[in-house]
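**Student:** got a sequence here, can you model it:
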Amino acid sequence: MDKHRLEDPEEIKQVDKADMLKFCLNMSRHYREAFSLASGITNSYSKPRNIIIAGMGGSAIGGELLKDWARNKICVPIEVNREYHLPAYANEETLVLITSYTGDTEETLSALLDAIKYKCMIYCITSGGTIMRIAEQLQIPFLRVPSGMPPRAALPYMLVPLLLFLEKTGLSTEVSKELEEAFSIIEVIEKQNAAKTLVDNSLAKMLAVNINGFILLVYGFGLFSGVARRFKQQINENAKMMAKWDNLPELDHNEIVGYEKIEKHKERFVAIFIRDKAEPIEIRSRIEITKNLMVATGISLYEVWSQGSGGLAKMLSIVAVADFLSVYLAVLRGVDPFPVQTIDKLKDSLKKNNVREKVILEIEKIANVAISLR
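**Tutor:** Numbering: from 1, shown residues only. Alright, predicted model coming up:
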C-alpha cells in the first residue's frame, strides 16, 4: 500500500520548499529559547494604569493571547492596537509594548510615534529594523529577538517576552510555571504530528484531509478568542485558504442566523469548535446547541480539544495543532506555505504613499532634539 502524501517526508518537502514544517517541529525549542532570552528583561517603569500592545498580523497575535490569558488574572486593562494611531486615553501612565518582528511595520511605527508624543512608558520587542534603531537613539528599552523567520512563525519570540514583562512588572506571578507546562505539551504535539506520523495517528493531518477544499469557520470562546484568530490567520497565510473566526457567545446573536438559508452553499463550509474540558457550563451548553443547529443544515463539524491544566498550556496546545494543520493543508493543496505574495504586493504598492518614511522622519526629528539635549 502506497504512503499517503502527508506520511512521506520527501513528498512534503517537494511542496514545502522553504520548510515551514521545521518551525512546527521545533516549536518547543523556540519557546524555550524565547523564555531564556526574555528572562533577562529588566523593567524600571512604575505600575501602569493601562497597557497597550501595538502590532500587526503575526506580531500582534501574541498580544491577543496575552490579553485573553490575563483577563481574569490582572486588574490592569490591556488593549491590542492594530491601528496607525493609539487611543486618546494613552498617556504617561500607559505602558505601550511595541511588537514588530521585522521592526519596519508601517502601522506599528506610527503607533510608536504616538507613544513617544504622549510620553507613554515604552518597551519594544523586535528582531531589528527601524524600530530597534529608534529605540537605541531614544534610549527606549527593547528586547532584540532572533531574525530570519517569517513573522507568523516567530510567535514564541513575540509572546513569551510579553508574558515575562508582565511578571517583571509585578502584575503576575504565574507565568513561568504555566509556560513550563505548555512547553512540555508542545513537545508531545510535535511528535504526534511529525512528518512520518501516520494520518490516522495525527490530529493535524486528519483535520487537513477532512477540511481540504472547504472554507473554514473557527469558533472559540473566552480564553480561546485570540487562539481562534491565530488559527484562522495560519490557514490564510500558510494554506492560502479563505477562513474566518468568531466567538461564543457572540456568534449565537448573529452568525447562526446565516445558517438558515445556507442551502446549496453548505457544501462549501466546515467548522472547527475549540473545546476545553473545563469550559463553563453556560459555554458548553451553547456549543452543543449551536452544533446541533449547524448539523441540521448539513455543515460538517470538528472539534479540537485543549490540553493541559494551565491557561497557557491550553491555549498553546491549540495553536500548535493549528500550525501543523495549516502546513499540511498547504501540502495537500500543492502550494508552498512560505511565500505570502499578496501581502508583499500590497506592501510594495503602499510604498508609493510614503507614509512610513514620513513617520520615520518625524521620529528622527524627535530623536535629534533628544540627543542634542543630553
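**Student:** and Arg32, that one's in a helix?
**Tutor:** Yes. Counting by DSSP: H, G, I helix; E, B strand; the rest coil, Arg32 is found in a helix.
**Student:** that one: what's it in contact with?
**Tutor:** Phe183 (C-beta atoms under 8 Å, 6 or more residues apart in numbering). Heads up, the C-betas are built off the backbone N, CA and C, glycines and all.
**Student:** distance check, it against Gln234.
**Tutor:** From Arg32 across to Gln234, the span is 21 Å (C-beta to C-beta, to the nearest Å).
**Student:** over to Glu282?
**Tutor:** 29 Å.
**Student:** and if you look at Val199?
**Tutor:** Val199 is 19 Å from Gln234, by C-beta to C-beta.
**Student:** what residues does the helix or strand containing Val359 touch?
**Tutor:** For Val359, the host element (DSSP states H and E) is helix 355-373. Helix 355-373 has contacts (C-beta under 8 Å, 6+ apart) with 84, 104, 106, 109-110, 112-113, 116-117, 130, 134, 137-138, 350.
**Student:** who wins for neighbours among these?
**Tutor:** Leu112 (28 neighbours; other C-beta atoms under 10 Å).
**Student:** just the strands from the stretch 51-200 of the chain, written as ranges.
**Tutor:** Per DSSP state E, counting those that start in this stretch, the stretch 51-200 of the chain carries strands over the ranges 78-81, 94-100, 121-126, 142-144.
**Student:** deepest-packed of the ones you listed, please.
**Tutor:** Comparing the strands of the stretch 51-200 of the chain by mean neighbour count (mean count of other C-beta atoms under 10 Å), strand 94-100 ranks first with a mean of 27.
**Student:** which strands or helices does it pack on?
**Tutor:** Applying 3 or more C-beta pairs under 8 Å, 6 or more residues apart in numbering; DSSP states H and E, one finds that strand 94-100 contacts strand 50-54, helix 61-70, helix 106-117, strand 121-126, helix 129-137, helix 155-168.
**Student:** can you put the ones you listed in CSV and add distance to Phe214 and mean pLDDT?
**Tutor:** As requested, the helices and strands packed on strand 94-100 are exported to CSV (distance: least, C-beta to C-beta, whole Å; pLDDT from 0 to 100):
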stretch, distance to Phe214, mean pLDDT
strand 50-54, 32, 98
helix 61-70, 23, 97
helix 106-117, 31, 96
strand 121-126, 36, 97
helix 129-137, 37, 94
helix 155-168, 25, 95
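**Student:** in TSV, list those along with distance to Met20.
**Tutor:** Shown next, in TSV, are the helices and strands packed on strand 94-100 (distance: least, C-beta to C-beta, whole Å):
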stretch	distance to Met20
strand 50-54	25
helix 61-70	17
helix 106-117	24
strand 121-126	22
helix 129-137	22
helix 155-168	13
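**Student:** quick one: closest of these to Cys24.
**Tutor:** Among the helices and strands packed on strand 94-100, the nearest to Cys24 by C-beta to C-beta is helix 155-168 (11.1 Å).
**Student:** could I get the closest one in PDB with only the CA atoms?
**Tutor:** Extracted C-alpha coordinates of helix 155-168, given in PDB (Å, rounded to 0.1, in the frame of the first residue of the first chain):
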ATOM      1  CA  LEU A 155       5.200  33.700  17.800                       C
ATOM      2  CA  PRO A 156       7.300  32.200  20.600                       C
ATOM      3  CA  TYR A 157       9.600  35.300  20.500                       C
ATOM      4  CA  MET A 158       6.700  37.700  20.300                       C
ATOM      5  CA  LEU A 159       4.600  36.200  23.100                       C
ATOM      6  CA  VAL A 160       6.900  34.900  25.800                       C
ATOM      7  CA  PRO A 161       8.600  38.300  26.300                       C
ATOM      8  CA  LEU A 162       5.200  39.900  26.700                       C
ATOM      9  CA  LEU A 163       4.300  37.400  29.400                       C
ATOM     10  CA  LEU A 164       7.600  37.700  31.200                       C
ATOM     11  CA  PHE A 165       7.400  41.500  31.000                       C
ATOM     12  CA  LEU A 166       4.100  41.300  33.000                       C
ATOM     13  CA  GLU A 167       5.900  39.100  35.500                       C
ATOM     14  CA  LYS A 168       8.800  41.600  35.800                       C
END
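**Student:** ok so, going back, Val199 and Gln234 - which one has more neighbours?
**Tutor:** Set side by side, Val199 and Gln234 show more neighbours around Gln234, with 27 against 16, by other C-beta under 10 Å.
**Student:** residues near the closest residue to the more buried one other than its chain neighbours, how many?
**Tutor:** Nearest residue to Gln234, sequence neighbours excluded (C-beta to C-beta, 6 or more residues apart in numbering): Ser326, at 3.9 Å. Here the number of neighbours of Ser326 (other C-beta under 10 Å) works out to 29.
**Student:** do the same with Ile262
**Tutor:** 15.
**Student:** before I go, just wanted to say thanks for your time.
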